[in-house]
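1. Structure for the following, please:
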Amino acid sequence: KKLMNKILIFVSSIFVFFSAYSVQAVDITIARFFGDCDDAGSDTTTTTGEACIIQSIINAFNDANPDINVTTEVLDWGMTYEILQTRYGDKNPPDLHIMHRHRIPQFASIGAIADLKGEIAGYGMDPNDIVPAMMDALTWEGGMWGVPLDIHANLMHTNMDLMSAAGLVSGGIPVYPSSADELLDHARKCNAATGKDYISFQMADGFLGIRALYALVWQQNSNLFEGNKPSVDTPEVRNAINLFKTMVDEGLINPGYTYGDAQKNWMDGNACILINGTWVVDYYDANVDFNYYVGSFPTIFDKGATWADSHMWSLPANLKSRDSAKYDAAMKLTKFIWDHSIDWSRTGHMSFRKSVIESAEYKNLPHRSEYSETASIMADTPHAIKYGAIQDLVGNNLIAIMTGEKEIDATLKDVNNKMKKLLR
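-> Got it, this is the predicted structure:
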């Protein structure tokens, strides 16, 4: 009898051991920016703001998948790509991480991130549901380097009260300029009628505002480079710079604003228009004290164009071969986020999914119809391995020209020559 009890105890122990082993969760890490949110919960329909919405989606996935345990790492936005480069160099990357479209060549060119072409359909994500502009953003050298999260772009956040005082409202809709002469005329009208800035935008600590200048270049059927050929010292770039510089020289815009300065200036009612992105639409809608409208970036030259980029999720290139269980878990998480595109769209970012964009729920989100045209005019510079260095070179020098710190002819020639080396 004692022997039988010992056998039963042993068998029971083996059963418990293997039962525990079979339900042991797969641990994965997801690295993202957007900020912290400690109390996001897992109700994806009620959270607000980027940090809490994305974290609520991750939390909901954890709740729904007890066999997978997701740990979130919050990245410093300004240091994201330095951190990721270091992590890949140390062979310790997160299992899934946020990326911008413009950083694809930097990481794909060194074999760091996985080509997901042909992979996502097996996890229930239909590539045909991705809008063409987003698919183009994901594609480089024939590969698909991530699972999309959104499309984000510059918009015209508009104080309708000031615009009305300046006579720039018609039929309840703001009147945006449709030529270079009209842009200057509207800026002067806003300033004369209200004593306020016409446009408020970031230039002192980043390039959100300077991307408006890039848009004016794209609107002239030009770009800053193509392939390995720079095109900075051109009539199109000069047209864009001189237009903005005229407004700076006349005191119609202030080139000294940081991101926070520009936003506060406009939210306090001191500018007719703020150039900022999609990500603040719902925040402004809830927090400004004036009549608020959000328009697409206006067509000043030959064709519509505005700066736009995309957030996406990338995986390490060797994750599937190194740990297939982690790869499977990471892909399931991207599918879950994909399914919650409508929740993420409450940030103001545009959905990348045709089916979501066409849904009544999406169309009923605040202000979306006002900037629906943006998806059809989104633009950016071509893919480049050294995008970050190119952005710094062009942005810093064009700002210096606009503020009068540098002379236009010599500076554009210098930038053009330096860019040749970055594009090799």
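2. how about the nearest residue to residue 372, chain neighbours excluded?
-> residue 296 (7.9 Å; Cβ to Cβ, 6 or more residues apart in numbering). Placement of C-beta: from N, CA and C, glycine included.
3. Surely that neighbour and residue 368 touch.
-> No. Between residue 296 and residue 368 there is no contact under Cβ atoms under 8 Å: 11.5 Å.
4. related to what we said a few turns ago, tell me the contacts of the residue nearest to residue 372?
-> Residues in contact with residue 296 (Cβ atoms under 8 Å, 6 or more residues apart in numbering) are 155-156, 304, 306, 370-374, 377.
5. Show me those residues that map onto helices.
-> Assigned to helices by DSSP state H, the following of the contacts of residue 296 qualify: 374, 377.
6. What's the ChimeraX syntax to select whichever of the contacts of residue 296 are buried?
-> Remark: buried members of the contacts of residue 296, expressed as a ChimeraX selection using 16 or more other Cβ atoms under 10 Å:
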select :155,156,304,306,370,371,374,377
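7. Out of the contacts of residue 296, which comes closest to residue 387?
-> Each of those was scored against residue 387 by Cβ to Cβ, and residue 306 proved nearest at 18.4 Å.
8. For the closest residue to the closest one other than its chain neighbours, what are phi and psi?
-> Distance criterion Cβ to Cβ, 6+ apart; nearest residue to residue 306, sequence neighbours excluded, is residue 297 at 3.5 Å. Here is the backbone geometry of residue 297 (degrees, to the nearest 10): phi -60, psi 130.
9. cool, residue 99 as well?
-> Dihedral angles (degrees, to the nearest 10) for residue 99: phi -150, psi 160.
10. Burial check on it, number of neighbours?
-> Residue 99: 24 surrounding residues under other Cβ atoms under 10 Å.
11. ok so, going back, what does the pLDDT read for the residue nearest to residue 306?
-> Residue 297 carries a pLDDT value of 97.
12. Report how many residues lie close to it.
-> Residue 297 has 27 neighbouring residues, counting by other Cβ under 10 Å.
13. Wait, it touches residue 214, no?
-> No. Residue 297 is beyond contact range of residue 214, at 10.7 Å (criterion: Cβ under 8 Å).
14. who does whichever strand or helix holds residue 191 touch, helix- and strand-wise?
-> Using DSSP states H and E, residue 191 sits in helix 180-194. Contacts defined by 3 or more Cβ pairs under 8 Å, 6 or more residues apart in numbering; DSSP states H and E place helix 180-194 against helix 160-165, strand 197-200, helix 235-249.
15. got a markdown table for those, with mean neighbour count too?
-> Below are those laid out as a markdown table (neighbours: other Cβ atoms under 10 Å):
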| stretch | mean neighbour count |
| --- | --- |
| helix 160-165 | 20 |
| strand 197-200 | 25 |
| helix 235-249 | 19 |
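16. now for those, which one comes closest to residue 288?
-> Of all those, helix 160-165 comes closest under Cβ to Cβ, at 10.0 Å.
17. if we can go back for a sec, in the helix holding residue 191, which residues are buried?
-> For helix 180-194, by 16+ other Cβ under 10 Å, it's 180, 183-184, 186-187, 189-191, 193-194.
18. Residue 290: which of these is nearest?
-> The shortest approach to residue 290 among the buried residues of helix 180-194 belongs to residue 194, at 11.8 Å (Cβ to Cβ).
19. is it true that that closest one touches residue 165?
-> Yes. With contact defined as Cβ under 8 Å, residue 194 counts as touching residue 165 (5.4 Å).
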